[in-house]
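S.K.: Sequence plus predicted model, see below.
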Amino acid sequence: MPLLPIARRSPSRLEQAVHRPGAGVGGGILQRLFTHVFKGLVYPQIWEDPRVDLEALDLRPGARMVTIASGGCNVLSYLTAEPETIVAVDLNTAHVALTRLKLAAARHIPTYDVFYRFFGDAHGRSNITTYKRFVRHHLDDETRRYWDGRDRLGRRRISLFARGFYRHGLLGKFIGFSHLVARAYGIDPRRLLSARDLDEQRAFFAASLLPLFDKRPVRWATSKKISLYGLGIPPVQYEALAAAGGGDMSLVLRQRLERLACAFPLNDNYFAWQAFARGYAGSGAGPLPPYLERAHFAAIAERTNRVHVINRGLTEQLALEPESSLDAFVLLDAQDWMSDAQLNALWTEITRTARPEARVIFRTAAVPSVLIGRLDPELLARWSYREADSLAFAARDRASIYGGFHLYIRDA
C-alpha cells in the first residue's frame, strides 16, 4: 500500500508574521513559543501614546485610516478627531474581541459612569451585570463566544472585568511579576505615585528602583529573550532592543523605565499609573486615555459605527483597499518583526493606497527608522521623512518604552 503524503498545516497569519527562516533550532523554538503565548490576550491597554499619535497624524474630519487594533484604546481615541472610517486589523483574535467589546460598550452603555466603571476601574461584579444587560446581545457571534468562553481554569473571560482587568493578559502579568521581584528586595513600586513633583519622582527612582538593575538575578533574566515575552517582544525585536544598549538589555530597560518614572508629571501620565499602580488612578481622578475621558464619551459613542475591526494582517487588508483611498496609517511597532520582503510588500500597498500627503506613523524598539537601508529606494523616494518632527514626537511620548517614533508623509 503506497504511503500517503503527510498533510502539512498551513502557517497561521501570526506564524507568518513572527517566524523567520534560518533562525536555527533554538531560534525556531523561541519563535514557536512566542507565537503560542501571543495567541491570548497580550495588551489589556495599548502602550502607544494616542495624544502624540493624533498630533502626528493631524487627522481631519472625513479622513480614512488603517491601524493595528492592539488593545483598542487608541482606535477609540482616534474617533475624537472625527475620521470618516477606521479600519482596525489585528492578527490576535483576543485583541479583535477586546476592541469590538469596547466599541459595543461605548455605543450601548447608557452613561459615562457605568462605562468608566467597566473599562476604567475594570474591577467589580457590577461589570458582569453591565455586560449582560447592555453589551452582550449587541456583539457579533464570534466576539460573544470569545467573552462567554472559558479560560483554562474554567472562568468566563468576561469575568476579567470583575477581577481587575489590567492585572491580566501577558503584559498585566509581566508587570505583576515585576512588582513581586521588587518587593522581594524590599521595594514597593507603588510608592512612586506618592511623589508630589518630578524631583520627588527622580529621587524615588534613583534610591529605590535604579539599584534593582544591578541585582544579578535581574541582569540574568533580562539577558534572556524569553523573559521579555510578557512585554510582547518577539525574538527578532529583542535583538533590535538590545542593540540600542550596545547589547546590554538591562541598560535599555533601565533607561526606558527611568523615562517612564521621571520624565512626565504623574498627573499627566496614565502609563506610569498602569506600570506602578497596575491600573488607573481611582475614580477617574487621574490621567486617562482620551476614550475614557468624560468629555469624549458622547462623541465616541456616536461615532463607533465608523470603525471596522478585522482579524487580518495589515498588508493583506491594504491589498483589499482601493488605490489612493487612505489618509493615515498607524503601524505601531509591527515592522520590527518584519523581514525585508515583508517590509517591502507592506510599503508597496501603503504607497498604492495612500492619498497625496497621507501620513504614516510607527514606533521602533531602537532609535533609527527600520526603513533605512531596507526599503526599496523607489518606494522610499515617494515619501518624506519628517526627522525633526519625529524626534519631537518621540520626546513627548508618555509611554516611554520605544526608542523611536517615526512620521512619513506621502509626496503630493
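M.R.: Nice, I can see it.
S.K.: tell me the secondary structure for the residue lying closest to Phe393 once chain neighbours are set aside?
M.R.: In space, and not counting its chain neighbours, Phe393 is closest to Phe405: 4.6 Å by Cβ to Cβ, 6 or more residues apart in numbering. Placement of C-beta: from N, CA and C, glycine included. At Phe405 the chain is in strand, as set by DSSP: H, G, I helix; E, B strand; the rest coil.
S.K.: Can you name the residues that contact Phe405?
M.R.: Applying Cβ atoms under 8 Å, 6 or more residues apart in numbering to Phe405 gives the contacts Val52, Ala56, Ile361, Phe362, Arg363, Ser390, Leu391, Phe393, Ala394, Asp397.
S.K.: Let's see the PyMOL selection covering just the buried ones among those.
M.R.: Selecting only the buried entries of those in PyMOL, with 16 or more other Cβ atoms under 10 Å as the criterion:
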select buried, resi 52+56+361+362+363+390+393+394+397
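S.K.: re the thing from before, from Ile86, how far off is the residue nearest to Phe393?
M.R.: 20 Å (Cβ to Cβ, to the nearest Å).
S.K.: So what's the gap between stretch 339-351 and the chain middle?
M.R.: Mean-position distance between stretch 339-351 and its chain equals 21 Å (Cα atoms, centre = their mean, to the nearest Å).
S.K.: List the buried residues of that stretch.
M.R.: For stretch 339-351, using 16+ other Cβ under 10 Å, the buried residues are Gln342, Leu343, Asn344, Ala345, Leu346, Trp347, Thr348, Glu349, Ile350, Thr351.
S.K.: same question, stretch 245-256
M.R.: So, applying 16+ other Cβ under 10 Å, buried residues of stretch 245-256: Gly245, Met249, Ser250, Leu251, Val252, Leu253, Arg254, Arg256.
S.K.: Mind checking the pLDDT average for it?
M.R.: Taken as a whole, stretch 245-256 has a mean pLDDT of 85.
S.K.: now do stretch 88-96
M.R.: Rounded mean pLDDT across stretch 88-96 is 96.
S.K.: Which residues does that stretch contact?
M.R.: Under Cβ under 8 Å, 6+ apart, the answer for stretch 88-96 is 12-14, 17, 38-43, 66-72, 75, 99, 143, 146, 307-314, 317.
S.K.: Following element in sequence after the helix or strand of the chain with the lowest mean pLDDT, please.
M.R.: Ranking every helix and strand in the chain by mean pLDDT, DSSP states H and E puts helix 24-38 at the bottom, with a mean of 46. From helix 24-38 onward toward the C-terminus, using DSSP states H and E, the following helix or strand is helix 50-57.
S.K.: Any chance you could give me that following helix in PDB, C-alpha atoms only?
M.R.: Output of helix 50-57 as PDB, limited to C-alpha atoms (Å, rounded to 0.1, in the frame of the first residue of the first chain):
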ATOM      1  CA  PRO A  50      -2.600  58.500  21.500                       C
ATOM      2  CA  ARG A  51      -2.100  62.200  22.200                       C
ATOM      3  CA  VAL A  52       1.200  62.000  20.200                       C
ATOM      4  CA  ASP A  53      -0.400  59.900  17.500                       C
ATOM      5  CA  LEU A  54      -3.200  62.500  17.000                       C
ATOM      6  CA  GLU A  55      -0.700  65.300  16.800                       C
ATOM      7  CA  ALA A  56       1.400  63.500  14.300                       C
ATOM      8  CA  LEU A  57      -1.500  62.200  12.100                       C
END
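S.K.: which outside residues touch that helix?
M.R.: 65, 73-74, 77-78, 80-81, 289-290, 328, 330, 359, 361, 389, 393, 396-398, 405, 407.
S.K.: Following the chain past that helix, name the next helix or strand.
M.R.: strand 64-68.
S.K.: residue ranges with poor pLDDT in this protein?
M.R.: With pLDDT under 70 as the threshold, the chain has low-confidence stretches at 1-39, 225-235.
S.K.: Looking at it, which strand is longest?
M.R.: strand 354-364 (DSSP state E).
S.K.: Pull out the buried positions in whichever helix or strand comes after that strand.
M.R.: Helices and strands here follow DSSP H and E; after strand 354-364, the next one along the chain is helix 377-380. Going by neighbour count (16+ other Cβ under 10 Å), the buried part of helix 377-380 is Leu379, Leu380.
S.K.: What helices and strands are in contact with helix 377-380?
M.R.: Packed against helix 377-380 by the contact rule (3 or more Cβ pairs under 8 Å, 6 or more residues apart in numbering; DSSP states H and E) you find helix 340-353.
S.K.: and the gap between the residue nearest to Phe393 and Arg60?
M.R.: From Phe405 to Arg60 the distance is 21 Å (Cβ to Cβ).
S.K.: Please enumerate the strands of the protein.
M.R.: 64-68, 85-89, 307-310, 326-330, 354-364, 383-385, 404-410.
S.K.: Grab the most central residue of the chain for me.
M.R.: Ile46 (3.6 Å; Cα atoms, centre = their mean).
S.K.: thought it was touching Gly71?
M.R.: Yes - the pair Ile46 / Gly71 is scored as a contact, 4.2 Å apart, by Cβ atoms under 8 Å.
S.K.: So which residues of the stretch 51-200 of the chain form helices?
M.R.: Using DSSP state H, counting those that start in this stretch, the helices of the stretch 51-200 of the chain run over 73-78, 93-108, 112-116, 126-130, 141-148, 169-184, 198-204.
S.K.: Which positions within the fifth one qualify as buried?
M.R.: So that's helix 141-148. Thr143, Arg144, Tyr146, Trp147.
S.K.: distance of Val181 from Pro377?
M.R.: Going from Val181 to Pro377 by Cβ to Cβ gives 46 Å.
S.K.: Determine the number of other residues adjacent to Arg396.
M.R.: 14 (other Cβ atoms under 10 Å).
S.K.: how close does it sit to Gly72?
M.R.: Distance of Arg396 to Gly72, given as Cβ to Cβ: 23 Å.
S.K.: With Tyr385 instead?
M.R.: Tyr385 is 29 Å from Gly72, by Cβ to Cβ.
S.K.: Between these two, tell me which one has more neighbours.
M.R.: Just comparing Tyr385 and Gly72: by other Cβ under 10 Å the higher neighbour count belongs to Gly72, 28 against 16.
S.K.: I'd say the more buried one and Leu98 touch.
M.R.: Yes - taking contacts as Cβ under 8 Å, Gly72 lies within contact range of Leu98: 5.3 Å.
S.K.: hmm, back to that, which of the contacts of stretch 88-96 are buried, as a PyMOL select command?
M.R.: Listed next is the PyMOL selection for buried residues among the contacts of stretch 88-96, using 16+ other Cβ under 10 Å:
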select buried, resi 13+14+17+38+40+41+42+43+66+67+68+69+70+71+72+75+99+143+146+307+309+310+312+313+314+317
